[in-house]
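1. Got a sequence here, can you model it:
(4 chains)
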2 protein chains.
Amino acid sequence: MAAGRRAVTRDDVARQAGVSTAVVSYVVNNGPKPVAPKTAARVRDAIELLDYRPNPSAKALRKGRTDIIGLVLADADNPFYTEYASAIGAEAFDRGRALMIATARHDLANETRLVDDLLGRQVDGIIAASVSHRPEETMLRSFRLPPVVLLDASAPTPGFAGVGLDGASGARLAVEHLVRVHGHRRIGLVLGETNPEREDNRETGWRRALHDEGLPEGPLARVSWTRDGGYEAGRLLLDDPDPPTAVFACSDLLAVGLLRAGHERGLALPGDLAVISFDGTKEAEYSWPPLTVVAQPIAEMARAAVSLALDPARPTPFHQFPGTLVVRRSCGCPVA
Amino acid sequence: MAAGRRAVTRDDVARQAGVSTAVVSYVVNNGPKPVAPKTAARVRDAIELLDYRPNPSAKALRKGRTDIIGLVLADADNPFYTEYASAIGAEAFDRGRALMIATARHDLANETRLVDDLLGRQVDGIIAASVSHRPEETMLRSFRLPPVVLLDASAPTPGFAGVGLDGASGARLAVEHLVRVHGHRRIGLVLGETNPEREDNRETGWRRALHDEGLPEGPLARVSWTRDGGYEAGRLLLDDPDPPTAVFACSDLLAVGLLRAGHERGLALPGDLAVISFDGTKEAEYSWPPLTVVAQPIAEMARAAVSLALDPARPTPFHQFPGTLVVRRSCGCPVA
DNA sequence: CTGTTAGCGCGTTCAT
DNA sequence: ATGAACGCGCTAACAG
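-> Here you go, the predicted structure:
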């Protein structure tokens, strides 16, 4: 605690270096005015000597920016989002911003309060994986709204920037692999609750890919976006008289739940049931069998999200990224 | 963005309510001076009408506190820590604080820079699951150090508060179950790198419990604290001529890696190899077989950590919590 | 190239 | 019970 010691301020540095406070500021911020090299060196020595650290509150008060990015997560149980959050944090740090995190725990009222708090704390931008399909429910309550970036955006949303994955072609990747490489003809879909006003891109992709392969539509289970939901989907799909031989799960978590349901029924996996999922988390690599996935490029998406959150005036406030098929055992391929 | 609109300040509220700015402050903060009920009501109406939100930077500048807690994580890939972080966030929010998160990604240099940044941002307290065994390596560089709480503390560390689990009795719980209920006589241990100067409590507990049961020490694998590490431990333990029939893994992640190694060798799990692990994350519940675990009381630990981070002058700055055995299939018990 | 100084919005002391 | 005024530490406009 080293109590009692008054914090070192800019004035102390100025006095120590024998210059005015403005010069200290110019040196610390590389501008906006030039400083003679020798003077600058003196100032830097004084900073070093006194271990001066600019007061961020004073800076924020003066500049109107906090250099903080707010991140709203519906859910910290989903490793996809925590890996995403970690990447966003790294990116933000590289750009000199800190990350303030709020997890809503699947609760819309929580989310509203957390967003409110973040807004009240004057974060420079908000990145959100919202609980709601209609983000304007929790945002937009304030007049002075910073840039807001929606994660998992499947389509442009008016008033918000968005970063998302190309779900349609990702789903197609999975379906085509199951059909062309492994000869499946009955492929189910598992997904969570989605915006009822607009079909999810992954669902669309699955549907179209099946159609293009000349196959009938497989069964569909809509559950909650959790491991428990995936487990429930297993009950819905596998206890059916005509179960699918393969399933595309719209998230790793759903697939993990589905796998457990399969194991409990004594199914051979992937023999009796092949699975491909969406996300590409580390957990999916360590499930049994290891999951073949359509991986999301988390690092690139994080970079885009932070850029958008920091710079509201982008020409294209909606970035969509392609997924990559990563083959493991759960599709039936004989890999390590 | 609703640009151009100047933020509403205390002065606007005062003008609107026909009072001085001091009175607005008294009302907002419930003090330090009393305000006549009628006046207070007028002020509250004005606040409501104008949608006034106090400026946190100005408040922080004035009070010298930011109402922000910093959380340093070595690792955002470990669901135990992300669940922990989520609980800490909820607890902090309940106490009116926001959470600033920094993930070091297993890198000590990263951690040092992140802690420095957090300190520079003048967080009111730091909660840390450090990369290092010697936290003073990354902390204590500053003279004005806020309260620091070490997560996963196995023993009191001078200068830091600590919250941890009673690893010794947790390990004992696991060993006794494997011995007394399932009759195992050769029980291995998997753990990550620990402080070389002091044996890990879980290791001690495992050793002592075996001894007390009249059993010889089983094999021990020390690897990195990751799924990959657990997988590696599988190689070390299972390819031995005299492999253990049961293993206690010091984290869920290690157990998950070990399970995969077992599956790949065609072992019956738990028949050929029983596993119990430490932590009790959701991932452990959905591995195959589902893991029997010694669960940590995350919510209580989070509460304690936040209290300690906010109040440096606690009498006992080291809290240790008991683990709970949660029985699933991986130990051999015939449960759902 | 360097110095002086006016606020940023707030909490609080001192006066009334 | 209320109000006037100061200063927290900083940036940047302005003056030299």
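2. Let me see the domain layout of chain A.
-> According to automatic domain parsing, chain A comprises the domains A:10-54, A:66-164+A:298-321, A:167-296.
3. Identify whichever of these lies nearest to DNA strand C.
-> Of all these, it is domain A:10-54 that lies closest to DNA strand C, at 3.1 Å by CB to the nearest atom of the strand. For every residue, glycine as well, the C-beta is placed using N, CA and C.
4. Could you dump the domains of chain A into a markdown table and include mean neighbour count, distance to B:Tyr81 and mean pLDDT?
-> Shown next, in a markdown table, are those (neighbours: other CB atoms under 10 Å in any protein chain shown; distance: least, CB to CB, whole Å; pLDDT from 0 to 100):
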| stretch | mean neighbour count | distance to B:Tyr81 | mean pLDDT |
| --- | --- | --- | --- |
| domain A:10-54 | 15 | 28 | 86 |
| domain A:66-164+A:298-321 | 20 | 9 | 88 |
| domain A:167-296 | 21 | 13 | 96 |
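5. Turn those into TSV, including distance to DNA strand D.
-> As requested, the domains of chain A are exported to TSV (distance: least, CB to the nearest atom of the strand, whole Å):
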stretch	distance to DNA strand D
domain A:10-54	3
domain A:66-164+A:298-321	11
domain A:167-296	38
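6. Would you mind telling me which of the ones you listed is nearest chain B?
-> domain A:66-164+A:298-321 (3.6 Å; CB to the nearest CB).
7. so does that closest one get close to DNA strand C?
-> No - using CB under 7 Å from any atom of the strand, domain A:66-164+A:298-321 stays clear of DNA strand C, with a minimum separation of 9.8 Å.
8. Now do that domain: distance to the chain's middle.
-> Domain A:66-164+A:298-321 sits 8 Å away from the centroid of its parent chain (CA atoms, centre = their mean, to the nearest Å).
9. Also stretch A:288-298?
-> Worked out by CA atoms, centre = their mean, stretch A:288-298 lies 16 Å from the chain centre.
10. would you say A:Leu173 is within a strand?
-> No - with DSSP: H, G, I helix; E, B strand; the rest coil as the criterion, A:Leu173 is located in helix rather than a strand.
11. thought it was touching A:Val293?
-> No - if you go by CB atoms under 8 Å, A:Leu173 and A:Val293 don't touch, sitting 10.1 Å apart.
12. Which parts of chain A are helices?
-> Assigned by DSSP state H, chain A shows helices spanning A:10-17, A:21-29, A:37-50, A:56-63, A:79-94, A:108-120, A:167-176, A:201-212, A:227-238, A:252-264, A:282-285, A:298-310.
13. nearest residue to A:Ser20 other than its sequence neighbours?
-> Closest residue to A:Ser20 apart from its sequence neighbours, by CB to CB, 6 or more residues apart in numbering or on different chains: A:Ala14 at 5.9 Å.
14. Distance check, that neighbour against A:Val24.
-> To A:Val24, A:Ala14 is 5 Å away according to CB to CB, to the nearest Å.
15. With A:Arg113 instead?
-> On the measure of CB to CB, A:Arg113 and A:Val24 end up 40 Å apart.
16. Once you drop chain neighbours, what's closest to A:Asp311?
-> Closest residue to A:Asp311 apart from its sequence neighbours, by CB to CB, 6+ apart: A:Pro147 at 7.4 Å.
17. give me every residue that touches the one you found.
-> A:Pro147 makes contact with A:Asp124, A:Gly125, A:Ile126, A:Ala161, A:Leu308, A:Ala309, A:Leu310, A:Asp311, A:Pro312, B:Met1, according to CB atoms under 8 Å, 6 or more residues apart in numbering or on different chains.
18. ok, the nearest residue to the second one once chain neighbours are set aside - contacts?
-> So the one you mean is A:Gly125. Spatial nearest neighbour of A:Gly125, chain neighbours left out: A:Ala309 (3.2 Å); criterion: CB to CB, 6+ apart. Shown in contact with A:Ala309 (CB under 8 Å, 6+ apart): A:Ile69, A:Asp124, A:Gly125, A:Ile126, A:Ile127, A:Pro146, A:Pro147, A:Val148, A:Val149, A:Ala161.
19. tell me which of those is nearest to B:Gly183?
-> Closest approach to B:Gly183 among these (CB to CB): A:Ile127, at 52.6 Å.
20. Pairing partners for that closest one in the sheet, please.
-> A:Leu71, A:Val149 (DSSP bridges).
21. hmm, back to that, Serialize the helices of chain A to a markdown table and add fields for distance to A:Thr245.
-> Shown next, in a markdown table, are the helices of chain A (distance: least, CB to CB, whole Å):
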| stretch | distance to A:Thr245 |
| --- | --- |
| helix A:10-17 | 70 |
| helix A:21-29 | 63 |
| helix A:37-50 | 68 |
| helix A:56-63 | 58 |
| helix A:79-94 | 26 |
| helix A:108-120 | 38 |
| helix A:167-176 | 13 |
| helix A:201-212 | 13 |
| helix A:227-238 | 11 |
| helix A:252-264 | 12 |
| helix A:282-285 | 20 |
| helix A:298-310 | 31 |
